[in-house]
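J.: this is the structure alone, sequence omitted:
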């Protein structure tokens, strides 16, 4: 008979299968498994999936003892329980106990219906189906995930976190007992409001457990002594900006295991919030920080703002992903590409003087120029003219393409309107993009996408994209590791034991964004400081506002661990002596040399020309060209070989320099080299006068032997002036031809339009 009933049940099960569907909250965890945050499920409930092995033995034992002691021995329905319940109810003439097994309760929780005899029978059938489809472990897990705990809290994991701020694995016996009894009265026993009643119910069941010898007496005694003073908490938000971003990608996933290091995240968040609080009186209210593990490109800490809950200063905006002007933070990669293209080496000298790039005339941050500087010094001091020159030589298009290939999605959307100002921050990028680019320098110049989830497979070296060569990455790391730099506040240098890292700052135009990015062998940290509303602040510079936080973070996170971990020296990189004046291969007149890096068969090999021979009279009063060289009475002397631009800089800054004697006045030869360079106005520019008699300045750069120049407007002589003298004139309307001829007969023409 029983076999026939079982056969009928199996047939019904196959014909009308019971397929439970459980909607879970999405829980975001750290790499260690601690909860970073969570979202409601699709029915607006806190129901967080938990596995049996992640629940304390005390809670499982208490629930099984209280709800279904023969759970492992029945097939969804317990006949003995039914007989016992019927007997009790008949004797008491009211419903005093039920016969529901855990399997039947799971069915009721999945498909709630009024408690009628007919629905009880359906529940029993579905419970048997459940037993036929799932193991006892799976059914018990369903129950633990569905138990109601009042309000919109369901399941032991959500209850453990929201009531006790504990994982269900770490519950005490007192807490486990409370979670075992609340489901019987989820609406009348409200944690935080009915704690006295809950404590009385807990103690009653603890005595029952004691009588049944369910737990050791010492554990029960401790549970009796534990006060019930808990309350309902808000869900944790330990990395709120990251979990919100991940939530858009994993809406139907019950658990997202991130790469975040929980303790490091907390430390970074705390330091950032505390640091920004000190900047409030300057009018600076926000910051964002990203911490990356260099080897695996895992994001270990993600701080989108100083305080997510600060609505006054838009704390919910994600500064890690916000588009901001990067200031000078892209300069190292421009120079890195220049190293790889054989344009520069670190000690090679370039000019930081007033320079015009067609319609673009950049200035330095401090509005001063520095003359002849090495590439290393230009990068350390974040000088603008050398960086723009380097980008012009590397090529704007190749640099943009390199950024796009290395994770800068934002650049791809802007490339049609980008120019040489890109070198100085004339674009919008994300802290996330910039920080990962620096992490590539710590990893031999190799780019890999960032990893946010432990389940993501790391990119293999064979498929990763090189930003710069390993040799260039090492040279940049060496340049940027200099700690006591002129772009850092002196008061911070005096008070701090700074960790040894390679680092760079950036300040956007208008002082709206302050950046500082640094790396050592183990970590790369990116810091942005500013205001989300774009308000500029005088103190908002990379050195003053962002770099101190960067060093505080490195001191806290990795103060000593990476100090002994040096970057490996690349095989292709070598060293050589170069002239200290030019940074080029020394000639016989180079009396001082410095050591420079170079890449064989790539780096430039030009010999130094910072000195040259000049034919002069014996009294050094005149110099001669080959056309006016006398038969005797002259000598051959070495003089500095200054460019016209450097001479103009020295003269404008009143810096003394050694002059070549003036060319013989009686010489009529026309020298074709180094004609005057007109620096004002600018060629092919349009000048708007608004109908007023506006004056323009005429200025030029010449060789040092030039004493005076002639200015012509539309081929009509305007005036003869000293070579370094500025001349002002009122231009006519329309296209204007401007000519400048020096006293050697060399001429330069430009054209402007005046409207």
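T.: Received the coordinates, thanks. Computed from a predicted structure; not experimentally measured. Numbering: from 1, shown residues only.

J.: now the strands for the stretch 451-600 of the chain?
T.: 465-466, 502-507, 513-519, 523-530, 574-579, 593-598 (DSSP state E, counting those that start in this stretch).

J.: kindly report the same for the stretch 1-150 of the chain.
T.: Assigned by DSSP E, counting those that start in this stretch, the stretch 1-150 of the chain shows strands spanning 26-29, 35-39, 46-47.

J.: please identify which of those strands is closest to residue 366.
T.: Of all the strands of the stretch 1-150 of the chain, strand 35-39 sits nearest to residue 366, with 43.2 Å by Cβ to Cβ. Glycine gets a C-beta too; all of them are placed from N, C-alpha and C.

J.: isn't residue 387 right up against residue 424?
T.: Yes: using Cβ atoms under 8 Å, residue 387 is in contact with residue 424, at 6.9 Å.

J.: overlap in contacts of the two?
T.: By Cβ atoms under 8 Å, 6 or more residues apart in numbering, residue 387 and residue 424 have these common neighbours: residue 328.

J.: quick revisit: just put the strands of the stretch 1-150 of the chain in CSV and tack on mean pLDDT, mean neighbour count and distance to residue 229.
T.: Shown next, in CSV, are the strands of the stretch 1-150 of the chain (pLDDT from 0 to 100; neighbours: other Cβ atoms under 10 Å; distance: least, Cβ to Cβ, whole Å):
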stretch, mean pLDDT, mean neighbour count, distance to residue 229
strand 26-29, 94, 24, 26
strand 35-39, 92, 23, 22
strand 46-47, 95, 24, 22
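
J.: dump the residue contacts of residue 68.
T.: Counting by Cβ under 8 Å, 6+ apart, residue 68 has contacts 78, 101-102.

J.: which of these sits closest to residue 50?
T.: The closest of these, once distances to residue 50 are taken by Cβ to Cβ, is residue 102, at 15.4 Å.

J.: spatially central residue for the protein, please.
T.: Nearest to the mean C-alpha position of the chain, by Cα atoms, centre = their mean, lies residue 432 at 3.0 Å.

J.: so it touches residue 321, yeah?
T.: Yes: Residue 432 is within contact range of residue 321, at 5.9 Å (criterion: Cβ under 8 Å).

J.: before we move on, back to that, to residue 371, which of the strands of the stretch 451-600 of the chain lies closest?
T.: With Cβ to Cβ as the criterion, residue 371 lies closest to strand 574-579 of those, at 16.2 Å.

J.: in its sheet, which strands sit next to that closest one, and in what direction?
T.: strand 593-598 (antiparallel) (DSSP bridges).

J.: for the partner strand, what is the average pLDDT?
T.: Strand 593-598 shows a mean pLDDT of 98.

J.: now do the buried residues in it.
T.: Going by neighbour count (16 or more other Cβ atoms under 10 Å), the buried part of strand 593-598 is 593, 596-598.

J.: what about the strands in the stretch 201-350 of the chain?
T.: Counting by DSSP E, counting those that start in this stretch, the strands of the stretch 201-350 of the chain are 255-257, 286-293, 298-303, 349-352.

J.: residue ranges of each domain in the chain, please.
T.: 2-225, 287-558, 573-604, 677-754 (automatic domain parsing).

J.: please produce JSON lines containing these, extended by distance to residue 273.
T.: As requested, the domains of the chain are exported to JSON lines (distance: least, Cβ to Cβ, whole Å):
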{"stretch": "domain 2-225", "distance to residue 273": "17"}
{"stretch": "domain 287-558", "distance to residue 273": "5"}
{"stretch": "domain 573-604", "distance to residue 273": "41"}
{"stretch": "domain 677-754", "distance to residue 273": "48"}
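
J.: so of these, which one's packed in deepest?
T.: The highest mean neighbour count among these, using mean count of other Cβ atoms under 10 Å, belongs to domain 287-558: a mean of 20.

J.: who are the neighbours in contact with residue 611?
T.: Residues near residue 611 by Cβ under 8 Å, 6+ apart: 587, 589, 638-641.

J.: could you work out the most separated pair of these?
T.: 587 and 639 (14.1 Å).

J.: closest one to residue 366 among the strands of the stretch 451-600 of the chain?
T.: Closest approach to residue 366 among those (Cβ to Cβ): strand 502-507, 11.2 Å.

J.: parallel or antiparallel, list what pairs with that closest one.
T.: Sheet pairing of strand 502-507 (DSSP bridges) gives strand 513-519 (antiparallel).

J.: what is the rounded mean pLDDT of stretch 225-239?
T.: Regarding stretch 225-239, the rounded mean pLDDT is 92.

J.: what sits up against it?
T.: 28, 30, 34-38, 46, 151, 153, 161-165, 172, 174-175, 178, 191-192, 195-196, 198-199, 202, 243, 258, 260, 262, 265-266, 269, 301-303, 308.

J.: let me see the mean pLDDT of stretch 442-460.
T.: 88.

J.: next: stretch 290-297.
T.: Across stretch 290-297, the per-residue pLDDT values average to 95.

J.: what's the span of it, first residue to last?
T.: Distance across stretch 290-297, first residue to last, is 12 Å (Cα to Cα, to the nearest Å).

J.: and if you look at stretch 312-331?
T.: Stretch 312-331 stretches 34 Å from its first residue to its last (Cα to Cα).

J.: now stretch 677-697
T.: The first residue of stretch 677-697 is 14 Å away from its last residue (Cα to Cα).

J.: for the chain, give me the ranges with low pLDDT.
T.: Of all residues in the chain, those with pLDDT under 70 make up the ranges 1-18, 79-99, 459-463, 483-497, 559-564, 669-673.

J.: residue 482 versus residue 517, what's the distance?
T.: From residue 517 over to residue 482 the distance is 15 Å, taken as Cβ to Cβ, to the nearest Å.

J.: save the strands of the stretch 1-150 of the chain as TSV, and put in distance to residue 293 too.
T.: Converted to TSV, these look like this (distance: least, Cβ to Cβ, whole Å):
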stretch	distance to residue 293
strand 26-29	17
strand 35-39	17
strand 46-47	32
